[in-house]
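Peer 1: give the three-dimensional model of this entry:
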Amino acid sequence: MDKLEIVSEKLGIPLDVLKKQLGRGIRQMVYRGLEYLVFRREIHGVREGTTVLLGGEPFIIHGYPSIRRLAILEAVPQHMIDRIIVEEKMDGYNVRVVFYEGEVYAVTRGGYICPYTVARIRKLYGDQVRLMAKEYPDTVLAGEVVGTENPYVVYNYPEAGGFDYFIFDTLRGGKLQPLKVRDEIVEKCGFRRVRILGELDKNDVGGLRSIIDRLDKERREGIVIKDPDHRVPPLKYTTVYINIHDIEEGMKHPFDEGRGYLFSRIVRLIAQGYEYGWSNDQLDIIAKRLGKAILKPAIESLKQRSNGGLIAASYTLVFPDYRSFEDYLEYMESQGIDAITRIIEEKPNGELVVELLKVKDTHDVYGKILKTGLSPLD
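Peer 2: Residues are numbered from 1 along each chain as shown. Modelled structure (predicted):
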């Protein structure tokens with residue numbers, strides 16, 4: 001039986017369908033000689049973001065299930081059973097980590113092995129992942145990479161430093177395990193976990209609001225509400241602060257992230273204004289913050305372009321060695337990412353500090369606006 005036949009049998013996808021999807025809904029990739037498959041969309045009930053490692057014995061890293069977004073906290077009792085665990089939702093990027101054929105691998109939400117993330121996770125938690133694989137075979141960690149040294153979402157968490165990994169779930173056979181299993185693995189193997197902010201009755205909406213109010217003052221992202229045994233799907237809810245902050249970040253590149261960031265977060269603010277019953281004074285304060293978040297970064301970017309500046313997202317990355325840097329350059333090329341890199345520092349221990357600039361479409365759109373004086377939208 002060849003590898004595709006094994007994958008077909010394990011996933012319950014007819015072999016002819018699996019082969020037909022190769023190069024379409026399923027992308028074939030290679031990382032350091034390891035071939036793997038990436039499910040770019042759901043196929044025969046197999047979640048988008050699922051990764052199949054094609055070593056000696058194929059291993060399936062099932063896609064992490066999407067979490068429903070809550071608009072109104074008062075709706076929590078409709079969706080939960082009894083007790084709920086309230087965890088912090090951190091502002092980073094979703095990564096699944098496994099130990100496979102003697103190596104640690106880190107997979108993004110989309111299902112790709114990110115060389116940069118692999119290099120950093122191996123250095124930080126390689127021994128812990130090996131211990132987990134020995135004590136809890138076939139377990140997949142799911143967590144959030146956060147910090148200022150990553151190529152996706154830059155947000156400063158004092159407890160994370162430049163780069164760290166916080167576990168929020170564990171999976172086995174594609175199923176989320178009870179939170180007590182996750183907590184046991186975290187404690188026994190020496191990982192870090194997202195903050196648990198409370199254990200409440202599902203009807204304690206006041207308790208939820210109190211947690212959200214505290215997080216808003218702390219300038220944190222929000223919460224994930226879970227059943228302790230994952231009997232029902234979790235819910236997520238974000239603070240007013242992060243909704244406006246995300247708009248401000250997105251509008252630095254309005255013809256890239258701006259439009260996608262804008263309306264969804266305004267809808268969240270509409271629901272929050274309704275549920276919290278903002279007074280006119282509160283509305284004035286939030287509306288001013290929102291308006292400034294929309295206009296200020298976009299105007300500053302246009303001024304920057306008019307002065308000959310490059311409109312790009314800037315990241316500072318720290319690679320453990322030169323090979324990891326080369327791996328990441330190849331990965332960006334395979335993903336069609338238009339980026340500029342510059343080595344800032346080569347440390348005595350072999351680490352490389354690299355500046356990464358991802359050029360944005362906004363750069364060209366702003367150039368046309370400045371040249372023609374015409375709007376690109378109407």
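
Peer 1: so where do the helices sit in this protein?
Peer 2: 3-11, 15-21, 76-79, 115-135, 179-189, 205-217, 240-250, 259-276, 280-306, 322-335, 361-372 (DSSP state H).

Peer 1: columns mean pLDDT on top of those helices, output as a markdown table?
Peer 2: Below are those laid out as a markdown table (pLDDT from 0 to 100):
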| stretch | mean pLDDT |
| --- | --- |
| helix 3-11 | 93 |
| helix 15-21 | 94 |
| helix 76-79 | 98 |
| helix 115-135 | 98 |
| helix 179-189 | 98 |
| helix 205-217 | 97 |
| helix 240-250 | 96 |
| helix 259-276 | 93 |
| helix 280-306 | 97 |
| helix 322-335 | 96 |
| helix 361-372 | 96 |
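
Peer 1: closest one to Gly45 among the ones you listed?
Peer 2: Among those, the nearest to Gly45 by Cβ to Cβ is helix 3-11 (8.6 Å). (Each C-beta comes from the backbone N, C-alpha and C, glycine too.)

Peer 1: just the buried positions in that closest one, please.
Peer 2: By neighbour count on 16 or more other Cβ atoms under 10 Å, the buried set for helix 3-11 is 4, 7-8, 11.

Peer 1: give me the residue at the spatial middle of the chain.
Peer 2: Centre of the chain computed as the mean C-alpha position; nearest residue by Cα atoms, centre = their mean is Tyr93, 2.2 Å away.

Peer 1: these two touch, right, that residue and Thr108?
Peer 2: Yes - at 6.6 Å, Tyr93 and Thr108 qualify as touching, with contact defined as Cβ atoms under 8 Å.

Peer 1: mutual contacts of those two, please.
Peer 2: Common contacts of Tyr93 and Thr108 (Cβ atoms under 8 Å, 6 or more residues apart in numbering): none found.

Peer 1: pLDDT score assigned to Ala160?
Peer 2: At Ala160, the model reports a pLDDT of 95.

Peer 1: give me the number of residues near it?
Peer 2: Number of residues near Ala160 (other Cβ atoms under 10 Å) recorded here: 21.

Peer 1: which residues does the closest residue to Val118 other than its chain neighbours bridge with?
Peer 2: Take Val118 and drop its neighbours on the chain: the residue closest to it by Cβ to Cβ, 6 or more residues apart in numbering is Ala106, 4.7 Å away. Ala106 forms beta bridges with Val97, as assigned by DSSP bridges.

Peer 1: ok, Ala106 - contacts?
Peer 2: 95-97, 113-114, 117-118, 121.

Peer 1: I figured Leu208 hits Pro77, correct?
Peer 2: No - judged on Cβ under 8 Å, Leu208 makes no contact with Pro77 at a distance of 10.6 Å.

Peer 1: shared neighbours, these two?
Peer 2: In contact with both Leu208 and Pro77: no residue, using Cβ under 8 Å, 6+ apart.

Peer 1: between these two, which is the more surrounded one?
Peer 2: Each of Leu208 and Pro77 has its neighbours counted (other Cβ under 10 Å); Leu208 has more, 23 against 15.

Peer 1: who's in contact with that one?
Peer 2: 73, 76, 86, 200, 223, 225, 237.

Peer 1: on that earlier part again, just put the helices of the chain in JSON lines and tack on distance to Tyr36.
Peer 2: Output for these, formatted as JSON lines (distance: least, Cβ to Cβ, whole Å):
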{"stretch": "helix 3-11", "distance to Tyr36": "11"}
{"stretch": "helix 15-21", "distance to Tyr36": "14"}
{"stretch": "helix 76-79", "distance to Tyr36": "35"}
{"stretch": "helix 115-135", "distance to Tyr36": "12"}
{"stretch": "helix 179-189", "distance to Tyr36": "24"}
{"stretch": "helix 205-217", "distance to Tyr36": "37"}
{"stretch": "helix 240-250", "distance to Tyr36": "31"}
{"stretch": "helix 259-276", "distance to Tyr36": "28"}
{"stretch": "helix 280-306", "distance to Tyr36": "37"}
{"stretch": "helix 322-335", "distance to Tyr36": "12"}
{"stretch": "helix 361-372", "distance to Tyr36": "29"}
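
Peer 1: so which of those is nearest Val52?
Peer 2: helix 3-11 (5.5 Å).

Peer 1: what sits up against that closest one?
Peer 2: Residues from elsewhere that reach helix 3-11, judged by Cβ under 8 Å, 6+ apart: 1, 13-15, 18-19, 37, 44, 46, 52, 54, 57-58, 60.

Peer 1: closest to Glu275 out of those residues?
Peer 2: Relative to Glu275, the closest of these is Val46; by Cβ to Cβ it sits at 36.8 Å.

Peer 1: burial of that closest one, as a residue count?
Peer 2: By other Cβ under 10 Å, neighbour count at Val46 equals 23.

Peer 1: got it, and Val97?
Peer 2: Quick note: Val97 (other Cβ under 10 Å) scores 26 neighbours.

Peer 1: same deal with Ser375?
Peer 2: Quick note: Ser375 (other Cβ under 10 Å) scores 8 neighbours.
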